[in-house]
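Q: fold the following for me, if possible:
(chains A, B, C and D)
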Number of protein chains: 2
Amino acid sequence: MSERSRTNPRKSASQQRSRLTVDALLEATARILVKEGYDRASTNKVAQAAGVSIGSLYQYFPSKEALVAAVIDRHIQEMMELARDALARVRECAVETAVRELVKVMIDAHRVNPKLHRALVEQVPRVGRLENIESIDREVSELVRQYLEARRDEIGVADPAIAAFVCVTTVEALTHAAVVHRPDLLAEERADRFVDDVTRLLVQYLREPQPQRP
Amino acid sequence: MSERSRTNPRKSASQQRSRLTVDALLEATARILVKEGYDRASTNKVAQAAGVSIGSLYQYFPSKEALVAAVIDRHIQEMMELARDALARVRECAVETAVRELVKVMIDAHRVNPKLHRALVEQVPRVGRLENIESIDREVSELVRQYLEARRDEIGVADPAIAAFVCVTTVEALTHAAVVHRPDLLAEERADRFVDDVTRLLVQYLREPQPQRP
DNA sequence: ACATTATGTGAGCGGTAGCTCATATTGTGT
DNA sequence: ACACAATATGAGCTACCGCTCACATAATGT
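A: Numbers count the residues shown, from 1 in each chain, chains lettered A, B, ... in the order given. Sure thing, here's the model as predicted:
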């Protein structure tokens, strides 16, 4: 076993209990960010809330920033998974179907952990390693651009890059604002209308540009 | 003069030099927020940069939060002035003219002090008195809703409140993102196309809903 | 069973943050 | 000229922050 163990990476970089420690720390960080905000989320408090010593915290995270960055990464992963899946699913669909599906998915993505999402967006300063919250947009923009380019005949916008930017920024802003600030718009009965509106907004934009009237 | 001075508010709540002190503090705070971020903007540093003693700072602002809130208020006032003026100006205009004008104005508003705007949005935690950055949207939404309601015959959306929310959120997000993250889209020659795109996006949305094709 | 490594502990260090207060300086009305 | 209010000063207090380190305990390989 000696030779194989040297060539192969170790089965797990850590024993099980260390994974538990890390998990507890991430959960506690998220909880405290939501409940108390970034400023008041001291490392000592996080460690205590996680039921872990402050020393252990610094064994896995070299700084407070790294700790919060890990929480952000994890949260982004969860949201991106939904988005990536959806984008793959609609690659062959017509524009309207695709847009509607993506709008729905983005709403769901913002509902994965809306309180944490809000805390991350509103509390955590976008500096250094912490500016990744916006990296979603960049990756999604690229995927959407590819989709639009493949369907160039079906859409009427001159520059797919601008169109992708417009679509992604708009959907992100509307779904975020709706989930965070206007949950009433997403209540059972009204939700469909909201999705319809956003879908129409984008589909009409993507179709032929309406000729200027004299 | 004794009687009049008791009934009327004092001509100025402060002597001139105190106004200068307050101004210096606000300017310094803005400068440091931009250059160093919220975390590193300590009250001592702000006072020093303003050329004012720390004691004076606390004579006018009871806390760091209040100081930053004052900077936010002042910045919002500057942006809102543009927006309010524009809304008043286009109240009687047709939808397309109005939307185009408002898009332009929102770009200008974000250009009033883009670095400060970015710092306020990205660095300052939205807690307590500090959550006012978003109050712009609320006031503007209401004004837009009124406009849309007055032109109900010209537009095809069922719920003016939803439409106002969609329009305001979209314009704010697109202009903000463009100014802050994609200044290339606003370069001399391309800017018009961007304005056209955003205008078209909204105007088509506001017009008659396109009947579903079978 | 034992040596070795992985993991966990928490008292406490250096530093800085926000903020106070006793005192000094400047402006104002008479 | 003088009294009194308005304004300005900055040394220094408390509190907590992020973080380290010398040591203890648990798991692993042989």
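Q: domains of chain A?
A: Listed by automatic domain parsing, the domain ranges of chain A are A:12-61, A:73-214.
Q: any bit of the longest one sitting next to chain B?
A: Right, the one you point to is domain A:73-214. Yes. Taking Cβ under 8 Å from any Cβ of the partner chain as the criterion, domain A:73-214 and chain B are in contact, through A:122-127, A:131, A:134, A:157-159, A:162-163, A:165-166, A:169-170, A:172-174, A:177-178, A:181-182, A:185, A:193-194, A:197-198, A:200-202, A:204-205, A:209-210. Bear in mind the C-beta positions are built from the backbone N, C-alpha and C, glycine included.
Q: please pick the buried ones from those residues.
A: Buried by 16 or more other Cβ atoms under 10 Å in any protein chain shown: A:122-126, A:157, A:159, A:162-163, A:165-166, A:169-170, A:172-174, A:177-178, A:182, A:185, A:194, A:197-198, A:200-202, A:204-205, out of these.
Q: what's the burial count for the residue of chain A found nearest DNA strand C?
A: Per Cβ to the nearest atom of the strand, the residue of chain A with the smallest distance to DNA strand C is A:Gly55, at 1.9 Å. Each residue near A:Gly55 was counted by other Cβ atoms under 10 Å in any protein chain shown, and the total is 8.
Q: name the residues of the helix or strand hosting it that are buried.
A: Counting by DSSP states H and E, the secondary-structure element that holds A:Gly55 is helix A:54-60. For helix A:54-60, the neighbour count (16+ other Cβ under 10 Å) marks A:56-57, A:60 as buried.
Q: kindly report the same for stretch A:135-146.
A: Residues of stretch A:135-146 classed as buried: A:136-137, A:140-141, A:143-145 (neighbour count, 16+ other Cβ under 10 Å).
Q: chain center to stretch A:114-129, what's the gap?
A: Relative to the mean C-alpha coordinate of its chain, stretch A:114-129 is positioned 11 Å out (Cα atoms, centre = their mean, to the nearest Å).
Q: I'd like the average pLDDT over it.
A: Across stretch A:114-129, the average pLDDT comes to 93.
Q: tell me where the model's unsure across chain A.
A: By pLDDT under 70, the low-scoring segments of chain A are A:1-14, A:209-214.
Q: who in it is up against DNA strand D?
A: Residues of chain A found near DNA strand D, taking Cβ under 7 Å from any atom of the strand as the criterion, are A:1-2, A:15, A:17, A:40-45, A:54-55, A:58, A:62-65.
Q: and those residues, which are buried?
A: A:41, A:43, A:64.
Q: now, those that are in helices?
A: Taking DSSP state H as the definition of helices, these contribute A:43, A:64.
Q: got the buried ones among the residues of chain A next to DNA strand D as JSON lines, with distance to A:Ala150 columns?
A: Formatted as JSON lines, the entries for these read as follows, by distance: Cβ to Cβ, whole Å:
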{"residue": "A:Ala41", "distance to A:Ala150": "44"}
{"residue": "A:Thr43", "distance to A:Ala150": "47"}
{"residue": "A:Lys64", "distance to A:Ala150": "43"}
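Q: quick check: A:Asp73 vs chain B, distance?
A: Note on A:Asp73: its distance to chain B, by Cβ to the nearest Cβ, to the nearest Å, is 18 Å.
Q: A:Arg31 now?
A: Applying Cβ to the nearest Cβ, the value for A:Arg31 to chain B is 17 Å.
Q: OK, contacts around the residue of chain A found nearest chain B?
A: Closest approach between chain A and chain B, counting by Cβ to the nearest Cβ: A:Ala173, at 3.3 Å. Contacts for A:Ala173 were tallied using Cβ atoms under 8 Å, 6 or more residues apart in numbering or on different chains; they are B:169-170, B:172-174.
Q: let's have the residues you listed in a markdown table, adding secondary structure and distance to B:Ala83.
A: As requested, the contacts of A:Ala173 are arranged in a markdown table below (DSSP: H, G, I helix; E, B strand; the rest coil; distance: Cβ to Cβ, whole Å):
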| residue | secondary structure | distance to B:Ala83 |
| --- | --- | --- |
| B:Thr169 | helix | 14 |
| B:Thr170 | helix | 15 |
| B:Glu172 | helix | 10 |
| B:Ala173 | helix | 15 |
| B:Leu174 | helix | 15 |
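Q: which of those sits closest to A:Leu25?
A: B:Ala173 (33.6 Å; Cβ to Cβ).
Q: which one is A:Glu142 nearest to, not counting chain neighbours?
A: Nearest residue to A:Glu142 in three dimensions, chain neighbours excluded: A:Ala164, at 7.7 Å (Cβ to Cβ, 6 or more residues apart in numbering or on different chains).
Q: now A:Thr169
A: If the residues on either side of it in the chain are set aside, A:Thr169 comes closest to B:Ala177, at 4.8 Å by Cβ to Cβ, 6+ apart.
Q: so that neighbour makes contact with A:Phe165?
A: Yes. If you go by Cβ atoms under 8 Å, B:Ala177 and A:Phe165 touch, sitting 7.5 Å apart.
Q: tell me what angle the helix or strand hosting the residue nearest to A:Glu142 forms with helix B:160-181.
A: Under the criterion of DSSP H and E, A:Ala164 resides in helix A:160-181. Taking axes from the mean of the first three to the mean of the last three Cα atoms, to 10 degrees, helix A:160-181 and helix B:160-181 form an angle of 120 degrees between their directions.
Q: can I get helix A:160-181 in CSV, CA atoms only?
A: Listed next in CSV are the C-alpha coordinates belonging to helix A:160-181 (Å, rounded to 0.1, in the frame of the first residue of the first chain):
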residue,chain,number,x,y,z
PRO,A,160,-24.6,39.6,-28.3
ALA,A,161,-22.2,40.7,-25.6
ILE,A,162,-24.3,43.8,-24.8
ALA,A,163,-27.4,41.7,-25.0
ALA,A,164,-26.0,39.2,-22.6
PHE,A,165,-25.0,41.9,-20.2
VAL,A,166,-28.4,43.5,-20.4
CYS,A,167,-30.3,40.2,-19.9
VAL,A,168,-28.2,38.9,-17.1
THR,A,169,-28.0,42.2,-15.2
THR,A,170,-31.8,42.7,-15.6
VAL,A,171,-32.8,39.2,-14.5
GLU,A,172,-30.4,39.2,-11.6
ALA,A,173,-31.6,42.6,-10.4
LEU,A,174,-35.3,41.9,-10.8
THR,A,175,-35.2,38.5,-9.2
HIS,A,176,-32.9,39.7,-6.4
ALA,A,177,-35.1,42.7,-5.7
ALA,A,178,-38.3,40.7,-5.9
VAL,A,179,-37.1,38.0,-3.5
VAL,A,180,-35.4,40.3,-1.1
HIS,A,181,-37.5,43.5,-1.1
